[in-house]
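[1] Have a look; sequence and predicted model below, questions after that.
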Amino acid sequence: MTAAENVCYTLINVSSDSEPPSEVSLKADLEKGEIKAKTEALKKVIIMILNGEKLPGLLMTIIRFVLPLQDHTIKKLLLVFWEIVPKTTTDGKLLQEMILVCDAYRKDLQHPNEFIRGSTLRFLCKLKESELLEPLMPAIRACLEHRHSYVRRNAVLAIYTIYRNFEHLIPDAPELIHDFLVNEKDASCKRNAFMMLIHADQDRALDYLSTCIDQVHTFGDILQLVIVELIYKVCHANPSERARFIRCIYNLLQSSSPAVKYEAAGTLVTLSSAPTAVKAAAQCYIDLIIKESDNNVKLIVLDRLIELKEHPTHERVLQDLVMDILRVLSTPDLEVRKKTLHLALDLVSSRNVEELVIVLKKEVIKTNNVTEHEDTDKYRQLLVRTLHSCSVRFPDMAANVIPVLMEFLSDTNEAAAADVLEFVREAIQRFDNLRPLIIEKMLEVFHAIKTVKIYRGALWILGEYCSTKDDIQSVMTEVRRSLGEIPIVENEIKKETGEMKPEDEVSAAPAQKLVTEMGTYVTQSALSSSRPSKKEEDRPPLRGFLMDGDFYVAASLATTLTKVALRYVAIVQDKKKQNSFVAEAMLIMVTVLHLGKSSLPKKPITDDDVDRISLCLKVLSECSPLMNDIFNKECRRSLSHMLTVRLEEEKLSQKKESEKRNVTVQADDPISFMQLTAKNEMASKEDQFQLSLLAAMGNTQRKEAADPLASKLNKVTQLTGFSDPVYAEAYVHVNQYDIVLDVLVVNQTSDTLQNCTLELATLGDLKLVEKPSPLTLAPHDFANIKANVKVASTENGIIFGNIVYDVSGAASDRNCVVLSDIHIDIMDYIQPASCTDAEFRQMWAEFEWENKVTVNTNITDLNEYLQHILKSTNMKCLTPEKALSGFCGFMAANLYARSIFGEDALANVSVEKPIHLGPDAPVNGHIRIRAKSQGMALSLGDKINLSQKKSNV
């Protein structure tokens with residue numbers, strides 16, 4: 001770690017509107033003020049020093065008037081003050097006044113109050129001057145024997161940091177701490193002492209662990225965590241030690257602390273790939289998920305299980321634990337359930353699919369009885385999709401699943417019912433032996449279907465797959481039942497005019513008088529308007545849809561009736577029965593047409609639906625073989641083709657996944673034997689603890705591309721000109737939630753530049769975390785300044801600013817160099833992702849921000865243009881490759897991506913090749929982008945426009 005990257009211990013928030021106090025007033029408060037006034041003055045001094053002010057005149061005042069005070073708040077503030085105040089002269093020698101400070105701290109280390117002792121020891125961890133620490137060493141050693149654990153544990157930390165920075169001050173530290181550890185009883189002190197031994201003298205740490213390895217399970221969780229880390233590091237560096245410590249890790253899997261169990265399971269998997277070890281770790285993870293209440297913990301541990309599954313040898317072990325994994329479904333959180341079902345589906349095999357289906361069926365039935373939770377409907381959808389996938393992969397299961405799922409066709413939640421319908425459609429096409437069962441169940445629930453979309457789908461399935469005389473008759477009966485009495489128009493008018501007749505008979509005499517005296521119209525209009533809701537409630541479902549003006553279902557009905565009528569004619573030889581059935585079908589179509597043209601429905605029938613119904617009437621009146629072929633064979637053939645293509649795609653994606661997982665070893669690859677690996681080679685392997693620490697700090701380094709042009713130099717932005725007095729350039733490093741600007745500042749003049757400050761401001765959803773501190777630059781000197789910018793959402797941002805400085809010895813005002821703008825690219829946050837067609841359509845309907853970009857390019861090939869857009873926007877094409885292959889002059893494709901903040905971005909590319917302009921004519925059309933936030937939609941549109949312009953060059 002360089003000096004610039006050293007940890008900053010003190011961060012204090014300052015309100016920007018406060019006026020800085022003068023040095024004279026601060027001096028007066030510190031000398032003569034009350035305790036409260038001195039406290040406030042000291043706080044102001046600390047803030048001013050942190051902001052770069054030099055206050056050398058106050059140092060002696062604080063030593064004389066503030067240092068002797070015994071107030072605990074002041075003592076705590078003084079620790080912060082001595083940490084940040086400059087302690088050396090300009091030539092690097094220690095200030096004389098520091099001797100007095102050192103003596104005060106020696107007294108504090110012998111103070112009877114344990115808080116003052118402990119906080120002073122913590123402060124000493126931050127000191128970097130060995131001259132100040134040397135006189136304090138006996139007092140620090142003495143603190144190891146203090147009665148209070150707070151003092152002892154901070155004494156251990158102080159000894160550790162001093163030993164690490166200045167070993168000559170305490171050369172016997174490891175031995176001292178080892179003896180302390182053997183006799184210590186407090187868990188936090190033991191943990192700190194053991195941690196020091198791990199880093200300072202690993203052999204001593206191992207010796208101590210060997211003596212108490214059987215008591216490890218009785219230790220506190222903080223010490224157990226450190227022991228897990230030591231075992232990992234030792235076995236990582238020296239594999240021969242594994243046998244010695246692996247039993248200890250097994251014991252720690254039974255720890256009462258969830259954190260210890262989690263770390264022990266992770267360590268066990270890295271140390272051993274034996275099935276028993278993997279099973280024990282996986283079981284531990286599953287227990288953690290079930291017992292922990294925090295959903296974030298559940299998701300993190302589920303991710304570890306998914307990582308385990310990615311390893312080919314571990315997958316087999318996890319397959320036996322599928323039923324245990326399904327216990328996680330008891331969690332109400334939808335995201336946890338989603339991940340669990342995906343994991344279970346990946347692990348399911350012919351051995352455990354039956355048990356999986358039984359559990360999922362129980363879960364589906366449970367959701368039917370629970371309505372209070374808002375995610376119940378979505379969960380039911382997930383279960384339906386999982387059962388669908390199981391039945392497709394294991395056809396034997398379909399017969400068990402279908403009866404349960406068919407009940408949900410009558411569900412009010414359209415999304416779940418639509419998923420069931422899609423599954424039924426695929427099952428009835430694939431599994432011939434299940435057709436009678438599906439038809440029977442479909443006819444049972446047909447009358448109870450409540451949503452028009454599901455009704456249309458059910459009609460199509462019945463029309464397509466009812467092949468026996470009885471089934472066809474049943475379909476006609478259900479249609480008539482669902483339509484009510486026909487002709488519809490006459491029936492509805494009768495209801496309007498004569499609805500109350502039965503009730504009139506009950507009180508015949510008064511009603512008669514009303515009719516004769518006042519007239520029929522008034523009486524009936526009053527009665528009919530009093531009961532509209534009852535009349536609508538009594539309507540059969542199909543008639544209800546038609547009266548609401550939804551005549552698309554009527555077109556679907558006409559197609560279904562035509563198919564079953566043509567099939568009936570082919571099956572039944574009796575001419576009279578044939579004509580009777582066809583006539584009934586035609587009567588239903590005609591009465592629906594008549595209703596559509598009348599003024600009774602809320603909306604009139606559309607021309608498209610009229611054409612469709614008329615076509616069906618014409619087909620039935622002529623009954624030509626060609627039409628019979630089209631209606632009864634071509635429809636099914638196209639569905640079969642679509643399902644085959646989808647199955648091929650799924651197989652292809654599964655094959656790619658398995659290829660990814662199977663590590664291919666070339667014939668001439670060297671074989672690595674763990675026992676023969678040299679220690680320095682072992683060290684080159686990735687340390688999991690170090691990686692997780694870096695990830696937590698946000699310092700995960702991305703693997704640079706092999707192409708030198710795509711290296712760090714590609715991300716360097718020049719901020720000033722070469723002829724400016726100060727030259728600056730910045731390397732922009734994008735982490736997940738923040739951007740680090742590493743700015744190189746070069747003094748190109750022969751003068752010393754004082755208070756050289758980088759002043760930055762941001763535009764967009766960016767926020768500067770801290771103000772970079774001022775520098776002094778010698779003639780022709782250079783320095784690096786780091787600035788952190790926080791990112792909150794996915795949109796293009798701009799960082800701009802200037803460098804201000806004073807020239808040493810000059811009387812003029814401050815000089816200023818304006819910097820070029822740094823544009824933060826949205827592409828650093830966007831990653832390709834995939835979703836189903838249904839999810840895409842749902843998001844497309846929900847997202848409110850749309851940006852329409854006109855295609856303006858010199859690319860002449862449609863596919864080439866699509867690939868160019870995918871490359872420049874980091875999006876993934878959801879439209880299958882087969883649908884895009886071939887050439888027909890136009891192309892439509894759906895694209896999808898997700899940002900690291902979880903925001904979704906959708907795009908629809910609709911482009912065509914204007915053939916009439918010749919073969920060299922460029923592609924034209926539109927790209928529509930939709931996103932939840934305005935910034936995302938606009939930024940993506942700008943990116944596409946920019947990349948199109950680049951392609952024109």
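    Now that the structure is in, tell me what you want to look at.
[2] The stretch 551-700 of the chain: helices as residue ranges?
    552-571, 575-597, 607-622, 625-629, 635-661, 679-683, 688-697 (DSSP state H, counting those that start in this stretch).
[3] pretty sure Asp140 belongs to a strand, no?
    That one is not Asp; residue 140 is Ile. No. Judged by DSSP: H, G, I helix; E, B strand; the rest coil, Ile140 forms no part of a strand; its state is helix.
[4] Just the pLDDT for Val7.
    Looking at Val7, its pLDDT reads 45.
[5] Sorry, wrong one. I was asking about Ala155.
    Listed pLDDT for Ala155 reads 90.
[6] out of everything not next to it in sequence, what's closest to Leu639?
    Gln429 (6.0 Å; C-beta to C-beta, 6 or more residues apart in numbering). Just so you know, the C-beta spots here come from the backbone N, C-alpha and C atoms, and that holds for glycine as well.
[7] Revised request: answer the last question for Leu766.
    The spatial neighbour of Leu766 that comes closest, neighbours along the chain excluded (C-beta to C-beta, 6+ apart), is Gly797 at 4.2 Å.
[8] Give the bridge partners for the one you found, please.
    Here Gly797 sits in beta bridges with Ile824, going by DSSP bridges.
[9] Low-confidence stretches in the stretch 451-600 of the chain?
    488-489, 491-496, 498-538 (pLDDT under 70).
[10] so where does the residue nearest to Leu639 fall, helix or strand?
    helix 414-430 (DSSP states H and E).
[11] Next secondary structure after that helix?
    Immediately after helix 414-430, counting by DSSP H and E, sits helix 435-445.
[12] The closest residue to Asn788 other than its chain neighbours: neighbour count?
    Excluding its sequence neighbours, the residue lying closest to Asn788 (C-beta to C-beta, 6+ apart) is Val769, at 4.1 Å. By other C-beta atoms under 10 Å, 12 other residues sit near Val769.
[13] unless I'm mixing things up, Val769 is touching Asp738, no?
    Yes. Because the distance of 7.1 Å satisfies C-beta atoms under 8 Å, Val769 is recorded as touching Asp738.
[14] Give me the common contacts of the two.
    Asn788, Val789, Lys790 (C-beta atoms under 8 Å, 6 or more residues apart in numbering).
[15] what about the second one, which SS state?
    Translated: Val789. With three-state DSSP as the basis, Val789 sits in strand.
[16] Does it touch Leu768 like I think?
    Yes. Here Val789 reaches Leu768: they are 5.8 Å apart, a contact under C-beta under 8 Å.
[17] list residues touching both of these two?
    Residues touching both Val789 and Leu768 (C-beta under 8 Å, 6+ apart): Leu760, Thr762.
[18] So between these two, which is more surrounded?
    Between Val789 and Leu768, counted using other C-beta under 10 Å, the more crowded position is Val789 (20 against 17).
[19] Give the closest residue to that one in space, chain neighbours not counted.
    Ile739 (4.4 Å).
[20] per-residue confidence for the one you found?
    The per-residue pLDDT of Ile739 was computed as 81.
[21] Show me what it is bridged to.
    Counting by DSSP bridges, Ile739 forms beta bridges with Val734, Val789.
[22] Ala274 versus that one, what's the distance?
    Going from Ile739 to Ala274 by C-beta to C-beta, to the nearest Å gives 44 Å.
[23] Between these two, which has more neighbouring residues?
    Just comparing Ile739 and Ala274: by other C-beta under 10 Å the higher neighbour count belongs to Ile739, 21 against 13.
[24] so who does Thr860 touch?
    Listed by C-beta under 8 Å, 6+ apart, the contact partners of Thr860 are Lys913, Pro919, Asp920, Ala921, Pro922, Val923.
[25] ok, the residues you listed vs Cys248, which is closest?
    Taking C-beta to C-beta as the measure, Val923 is the one of those closest to Cys248, at 65.3 Å.
[26] Hmm, Asn863 and that closest one touching each other?
    No. Using C-beta under 8 Å, Val923 is not in contact with Asn863; the gap is 9.9 Å.
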